[in-house]
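*Asks:* Below are the sequence and a predicted model for it; my questions follow.
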Amino acid sequence: MIYNTFAAILVALASTVSSTVYFKEDFNDAGWKDRWTVPTKWKPSSELGEFKWTAGKWYGDASDKGVQTSPDARHFGMSAKLDKSFTNKDKPLVLQFSVKHEQEIDCGGAYIKLLGDIDQDKFGGDSPYQIMFGPDICGTSNRKTHVIFNYPPKNDNLLITNEVKCESDQLTHLYTLIVKPDNTFEVLIDLKSVREGSLEDEWPFLAPKTIKDPDVSKPKDWVDAKKIPDPEDKKPEGFDDIPAEIPDPDAKKPDDWDDDEDGDWEPPTINNPEYKGEWKPRMIDNPEYKGEWKHPEIPNPDYVDDKELHVRCNECTHIGFELWQVLSGTVFDDIIVTDSLEEAKKHAEKTFLKKKGPEKEMFEAAEEEKKAKESESSPPPAASSDEEDEEDHDEL
């Protein structure tokens, strides 16, 4: 019993020691500006916004600050060097950060990028990246969490095939991406799983495993019509003699109708209740039907397996934000890059989870105060005509 307990402790210690944090940023000290570089050669200064150091309008703790985009209609960019560069071969990769859209965002990105070695002064939208992750919103139809991987064999940035949802309210939400050594992934929002699966299935990294056999085509005599006209069904005699419209039997010639001046009177027509439309024979099962023809498939000669699809960071050295927002006001905070989900969850407990409840209470109080002020400033409803009549009567 003692041995088993001791062994469990050793395993726990080993897992703690083996985890590595490559980067962590809480923005809780003024020195954050020294750790982050704003690009000066990406856009003219008139097109660039800035990141303000603030806890925002509502928060769990005023001293727990983040960085907030400002002003509106600007590009935003900044990057930082990782505490330790890394390649995630044969180990998990966990990227996590929090986002708060205080401005009721209408159109703008709020994603983060993991990068290789870059010129930080020139970092911008055209800079190559290895991973792009986070929410992107524009209107009501485009609301998603980007999960984009650069895949060097294709020299392309590949989007996840099926979009991942995102949050769009005005509270802080935590986004977590986990890439696992078994070539699977998972996305968490507020530490709850919203998507997981196979990297190969969810991204177009590889060519398809099978293709349609180019040497095979559908036989000319293949019958794929399920139904055919009943050869024994015959059109009833006189069917085509039934007109679509008939004179209205209830119509009467107007009393003032003059045949000499107005011409011969003809009653208006109405739809004929006896008319059955164009005759079509009834359909029956086709006795020659062979089923839907399926093109045989063969192994794709161009398919090449990749056992290291999970290696989506190959010597990642920097992390950064490169954004465009119409309405600014997004607060970013609580960033961590590690090889341990447990480490990321511990960080969330100290940051995101700690402030989640108090922040929501402060936000709801601010909303109630806002509604009260709007109600006070609104003009009283106009009196109805009945009320005006009563007032006139009282004056008399």
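*Replies:* Happy to help now that I have it.
*Asks:* can you tell me the helix or strand for the residue lying farthest from the centre of the chain?
*Replies:* Using C-alpha atoms, centre = their mean, the residue of the chain lying farthest from its centre is Asp260. It sits 74.9 Å away. Using DSSP states H and E, Asp260 falls within helix 259-262.
*Asks:* quick one: the lengthiest helix in the chain to chain centroid distance?
*Replies:* Looking across the chain with DSSP state H, the single longest helix is helix 352-377. Chain-centre distance of helix 352-377: 27 Å, with C-alpha atoms, centre = their mean, to the nearest Å.
*Asks:* now the helices: where do they sit in the chain?
*Replies:* Going by DSSP H, the chain shows helices at 2-18, 32-35, 199-202, 259-262, 341-350, 352-377, 385-395.
*Asks:* mean pLDDT lowest for which of the ones you listed?
*Replies:* Of all these, mean pLDDT reaches its minimum on helix 2-18 (a mean of 50).
*Asks:* Could you report the neighbour count for Glu256?
*Replies:* If you look again at residue 256, you'll see it is Asp, not Glu. 6 (other C-beta atoms under 10 Å). Every C-beta, even on glycine, is put in place using the N, C-alpha and C of the backbone.
*Asks:* Sorry, wrong one. I was asking about Ser79.
*Replies:* 22.
*Asks:* And for it, nearest residue in space, chain neighbours not counted?
*Replies:* Gly320 (3.2 Å; C-beta to C-beta, 6 or more residues apart in numbering).
*Asks:* residues near that neighbour, how many?
*Replies:* With other C-beta under 10 Å as criterion, Gly320 counts 23.
*Asks:* Which neighbouring elements make contact with the top strand by length along the chain?
*Replies:* As assigned by DSSP state E, the longest strand anywhere in the chain is strand 74-86. For strand 74-86, the contact count by 3 or more C-beta pairs under 8 Å, 6 or more residues apart in numbering; DSSP states H and E identifies strand 21-25, strand 36-37, strand 50-54, strand 316-325 as packing neighbours.
*Asks:* for the last one, packing partners?
*Replies:* Looking back up the chat, that one is strand 316-325. Partner elements for strand 316-325 (3+ C-beta pairs under 8 Å, 6+ apart): strand 74-86, strand 107-109, strand 112-115, strand 330-338.
*Asks:* I'd like these as JSON lines, with distance to Gly31 and mean pLDDT appended.
*Replies:* Output for these, formatted as JSON lines (distance: least, C-beta to C-beta, whole Å; pLDDT from 0 to 100):
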{"stretch": "strand 74-86", "distance to Gly31": "12", "mean pLDDT": "97"}
{"stretch": "strand 107-109", "distance to Gly31": "27", "mean pLDDT": "95"}
{"stretch": "strand 112-115", "distance to Gly31": "20", "mean pLDDT": "98"}
{"stretch": "strand 330-338", "distance to Gly31": "15", "mean pLDDT": "98"}
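*Asks:* which one of these lies closest to Glu200?
*Replies:* For the helices and strands packed on strand 316-325, proximity to Glu200 was assessed by C-beta to C-beta; strand 112-115 is nearest, at 20.7 Å.
*Asks:* Direction included, what does the closest one pair up with?
*Replies:* strand 131-138 (antiparallel), strand 316-325 (antiparallel) (DSSP bridges).
*Asks:* Leaving out chain neighbours, which residue sits closest to the spatially most central residue of the chain?
*Replies:* Residue closest to the mean C-alpha point of the chain, counted by C-alpha atoms, centre = their mean, is Lys144 at 1.8 Å. Spatially, and ignoring its direct neighbours in sequence, Lys144 is nearest to Glu163 (4.4 Å; C-beta to C-beta, 6+ apart).
*Asks:* For the one you found, give me phi and psi.
*Replies:* Here is the backbone geometry of Glu163 (degrees, to the nearest 10): phi -60, psi 150.
*Asks:* quick one: it from Ile246, how far?
*Replies:* 57 Å (C-beta to C-beta, to the nearest Å).
*Asks:* where does the protein have its least confident helix or strand?
*Replies:* Counting by mean pLDDT, DSSP states H and E, the chain has its least confident helix or strand at helix 2-18, which shows a mean of 50.
*Asks:* most tightly surrounded among the helices and strands packed on strand 74-86?
*Replies:* Comparing the helices and strands packed on strand 74-86 by mean neighbour count (mean count of other C-beta atoms under 10 Å), strand 316-325 comes out on top with a mean of 23.
*Asks:* how far off strand 330-338 does it point, in degrees?
*Replies:* 160 degrees (axes from the mean of the first three to the mean of the last three C-alpha atoms, to 10 degrees).
*Asks:* got the contact list for stretch 119-130?
*Replies:* 37, 39-43, 75, 77-79, 81, 113-116, 118, 149-150, 157, 312-314, 316, 318, 320, 322 (C-beta atoms under 8 Å, 6 or more residues apart in numbering).
*Asks:* mind saving the C-alpha coords of it as CSV?
*Replies:* What follows is stretch 119-130, C-alpha atoms only, in CSV (Å, rounded to 0.1, in the frame of the first residue of the first chain):
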residue,chain,number,x,y,z
ASP,A,119,11.4,40.8,-38.0
GLN,A,120,9.1,42.2,-35.3
ASP,A,121,9.3,45.7,-36.7
LYS,A,122,7.7,44.4,-39.9
PHE,A,123,5.3,41.9,-38.4
GLY,A,124,1.9,42.2,-40.1
GLY,A,125,-0.8,40.5,-42.2
ASP,A,126,1.7,39.2,-44.7
SER,A,127,4.1,37.7,-42.2
PRO,A,128,4.2,33.9,-42.3
TYR,A,129,2.8,32.1,-39.3
GLN,A,130,2.5,28.5,-38.1
